[in-house]
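**Q** Using only what follows, build the 3D model:
(one chain, ligands or ions: 1)
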Amino acid sequence: MLDLFTIFSKGGIVLWCFQSTSQLFKPSVNALIRSVILQERTGVSAYEHDSLRLQYKLDNEFELVFVVAYQKILQLSYVDKFLNDIHLEFRDKFKNQLEKSQWFFDYGKFVGDYQNILMSAEQWGKQQAKMPKQMRTFDESAKSKKTVASMIERKDDKDDKKSGKSKKKAAVTLDENGTHVQENGNDQVNITNEDDIDSGENSLELNLKKLSQRITKKKIDKQKSPKTEKAGKKPRVWELGGTNKDLANLERTRDKPAEEGERIQANTALIGQMRGGIRDLEVESDSDEEEIEVVTQTKPEKKSGGGMFSVLKGLVSNKQLTSTDLDPVLEKMKDHLIAKNVASDISVSLCNSLRAKLEGKVLGTFESIASTVKTTLTDSLVQILSPKRRVDILRDAYEAKKEGRPYVMSFCGVNGVGKSTNLAKICFWLIENNFRVLIAACDTFRAGAVEQLRTHTRHLNALHPAEKHGNSTMVQLFEKGYGKDAAGIAMEAIRFAKESRIDIVLIDTAGRMQDNEPLMRALAKLIKVNQPDLVLFVGEALVGNEAVDQLVKFNRALEDFSNSATPRTIDGIVLTKFDTIDDKVGAAISMTYITGQPIVFVGTGQTYTDLKTLNAKAVVHALMK
Ligand code: GDP
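**A** The predicted structure follows:
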């Protein structure tokens, strides 16, 4: 049985971690990095530390390290196969993100693959064990792979030994699978660069940082050397945050080569970017004037943005607008809104209210018809998107702090919409504003969910280490593993936060489909029992009608299953993946139209700073294009 399987980048970002015991693996992984990976041994290899055997595989293209740990008394013959298979699967699955150096993955998608690959490797191992053992041929042996030169003892080696500067040879043995096994103990490991390696058992961060710096240095050398320079896309460099002796700074460094000092400077740029209120979303769009001008062009179809209003060309001036005049315009407008991802029912409702406003109106010139229709629609849309009530989290959190209680926010939504990722971004924003945060891992359902939050917690503390905040840890994870009652865990977390004077609790809940009654009941219970200050629904900007369906059903379930006369429903929306939709901004309209609740945050990417607030005018501009 495997005790640990983890994938981390050589830059120190833990991408995946599956742990089946509560044992602390940090010293062993640290020893592996220090004694083996920093030595740049390639291929599948194994290393023993304390009671554990660690086997690893490197992916040099994406600079990933796959590590498995298990009790060394076990003879697990399938680990090589498992490492090879999982490596290939992970690369295939996340190739696109890896190529773009995006380190947030949909971990949920990988849980099933991990389990299947492990199961089939275990089965393979069992079959192998049943097969009669055959003696290894000379060609299969390690000896056959040695060159004659490697067996000749050189004079330099002898001199080194005499002078005591010997780089001690590792005691390399072969286990029954033919895998190289490094015997435990620093004195038996071939240390090529002793000054450079930190020998402290618990200095994982430091060693990862060294690993990262070494990679960076190599890349810089490579870029400097004209011989090795290749045309085409240059690999992106991920590094550790400058003075943060910890795992990750999620900021992508610049592609252009720079001096090492400069790079470290650039990495720390992430810190401090989110102080104060969150910045408004910017959506690219043409100006009003340009669009109206488009309508008056002789060939409007050649210009982008003229589509919807060019139909007004058919209207004559100085007349009263009738339903017949408006029908073709509104029909076209409805299609346009649907094409921009506004839910179809809502597009119809919007057009009907527009008709009511415009019918009977006497208009002047042609341009004024265009601008009247456009202004009327713009005003309606801006009104829909403008929050009816202001959600000021920083202010409310200060208030709660003064009252001596934590401010509690809960996140709900269907699977894969970005709940955990955006929770982590919000957490980053809060700690940038000096709030201490407790993340309550109440997704006790999806394998990997707790680990994903643990990884974020580590990254966030790396960006804001305790020593920079009066020795207070800025983010903690409250977790009770899987299968437990989420409402109970949330309650314990809130109590813990109160006792520990933690300012804010962020409750991550399991993703659930809006039609899954048992899970919706559980969510209603969590909210009823814990009464968070803010209940946020997380939804994707990519979906139109579907987003509305989700939101309506979540709201309804919270009402129906709360058994309360005054049920708590959704207070606000987090609209994620806004960076992926171009100008198809309709989901924002649909969601606010249907609930009347504000879009509190907009997710615009996969780094901690990709969090914005909605700018109603900018969104409407994009919608009108
Ligand atoms: P959860 O199942 O709802 O917790 O979803 P995750 O937080 O695991 O996110 C699912 C996927 O969406 C991950 O690959 C995230 O990196 C990605 N994601 C989340 N938010 C954004 C965003 O604002 N923009 C983009 N492009 N991707 C996002």
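
**Q** how much space between residue 591 and the ligand?
**A** 15 Å (CB to the nearest ligand atom, to the nearest Å). Bear in mind the C-beta positions are built from the backbone N, C-alpha and C, glycine included.

**Q** Please work out how many residues are found near that residue.
**A** Using other CB atoms under 10 Å, residue 591 has 28 neighbouring residues.

**Q** Around the ligand, which positions in the chain sit nearby?
**A** Neighbours of the ligand within the chain, by CB under 6 Å from any ligand atom: 104-108, 415-422, 511, 576-577, 579-580, 603-606, 610.

**Q** Filter those residues down to the buried ones, PyMOL style.
**A** For the buried members of the residues of the chain next to the ligand, the matching PyMOL selection, counting by 16 or more other CB atoms under 10 Å, is:
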select buried, resi 104+105+106+107+108+417+418+419+420+421+422+511+576+577+603+604+605+606+610
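
**Q** Check the contact between residue 23 and residue 3; I expect there is one.
**A** Yes: using CB atoms under 8 Å, residue 23 is in contact with residue 3, at 6.4 Å.

**Q** Restricted to helices, list the residues of the chain next to the ligand.
**A** Taking DSSP state H as the definition of helices, these contribute 108, 419, 420, 421, 422.

**Q** Okay, the first one and residue 321: tell me how far apart.
**A** What it means is residue 108. 52 Å (CB to CB, to the nearest Å).

**Q** ok, now the second one?
**A** Using CB to CB, residue 419 is found at 46 Å from residue 321.

**Q** same question, the third one
**A** As for residue 420, its distance to residue 321 is 50 Å (criterion: CB to CB).

**Q** before we move on, what about the last one?
**A** Distance, residue 422 to residue 321, by CB to CB: 44 Å.

**Q** cool, and the fourth one?
**A** Note on residue 421: its distance to residue 321, by CB to CB, is 47 Å.

**Q** How about stretch 23-39, which residues are buried there?
**A** Quick answer for stretch 23-39 (16+ other CB under 10 Å): 25, 27-39.

**Q** Quickly name whichever of those residues is closest to residue 505.
**A** Each of the buried residues of stretch 23-39 was scored against residue 505 by CB to CB, and residue 25 proved nearest at 27.9 Å.

**Q** If we ignore the residues flanking it in sequence, what's nearest that closest one?
**A** Leaving aside its chain neighbours, residue 25 sits nearest to residue 4 (4.9 Å; criterion: CB to CB, 6 or more residues apart in numbering).

**Q** now do residue 564
**A** residue 528 (6.4 Å).

**Q** Pull out the CA atoms of the strand or helix carrying that neighbour and give them to me as PDB.
**A** Using DSSP states H and E, the element containing residue 528 is helix 517-530. Provided in PDB are the C-alpha atoms of helix 517-530 (Å, rounded to 0.1, in the frame of the first residue of the first chain):
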ATOM      1  CA  GLU A 517     -31.800  16.500  -3.200                       C
ATOM      2  CA  PRO A 518     -29.800  14.800  -0.400                       C
ATOM      3  CA  LEU A 519     -26.800  17.000  -1.100                       C
ATOM      4  CA  MET A 520     -28.900  20.200  -1.300                       C
ATOM      5  CA  ARG A 521     -30.500  19.300   2.000                       C
ATOM      6  CA  ALA A 522     -27.000  18.900   3.500                       C
ATOM      7  CA  LEU A 523     -26.000  22.400   2.200                       C
ATOM      8  CA  ALA A 524     -29.200  23.900   3.600                       C
ATOM      9  CA  LYS A 525     -28.400  22.400   6.900                       C
ATOM     10  CA  LEU A 526     -24.800  23.700   6.900                       C
ATOM     11  CA  ILE A 527     -26.100  27.200   6.200                       C
ATOM     12  CA  LYS A 528     -28.900  27.100   8.700                       C
ATOM     13  CA  VAL A 529     -26.800  25.700  11.500                       C
ATOM     14  CA  ASN A 530     -23.900  28.000  11.000                       C
END
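
**Q** Outside of that helix itself, list whatever touches it.
**A** The set of residues external to helix 517-530 that reach it, using CB atoms under 8 Å, 6 or more residues apart in numbering, is 408, 410, 412, 442, 486-487, 490-491, 494, 507, 509-510, 512-514, 535, 553-554, 557-558, 560-564, 567-568.

**Q** Need the buried ones from the residues you listed selected in PyMOL.
**A** Of the contacts of helix 517-530, the buried ones go into a single PyMOL selection, burial set by 16+ other CB under 10 Å:
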select buried, resi 408+410+412+442+486+487+490+491+494+507+509+510+512+514+535+553+554+557+558+561+562+567+568
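
**Q** Could you list which of the contacts of helix 517-530 belong to strands?
**A** In strands, defined here by DSSP state E, the members of those are 408, 410, 412, 442, 507, 509, 535.

**Q** Show me what residue of the stretch 401-550 of the chain gets nearest to the ligand.
**A** Using CB to the nearest ligand atom, the closest approach of the stretch 401-550 of the chain to the ligand is made by residue 418 at 2.9 Å.

**Q** and the nearest residue to that residue once chain neighbours are set aside, how far is that from residue 439?
**A** Counting by CB to CB, 6+ apart, the nearest residue to residue 418 once its immediate chain neighbours are dropped is residue 576, at 3.6 Å. Relative to residue 439, residue 576 is positioned 18 Å away (CB to CB).

**Q** By pLDDT, rank the ones in helices among the residues of the chain next to the ligand and give me the bottom one.
**A** For those, the least confident position by pLDDT is residue 108, scoring 73.
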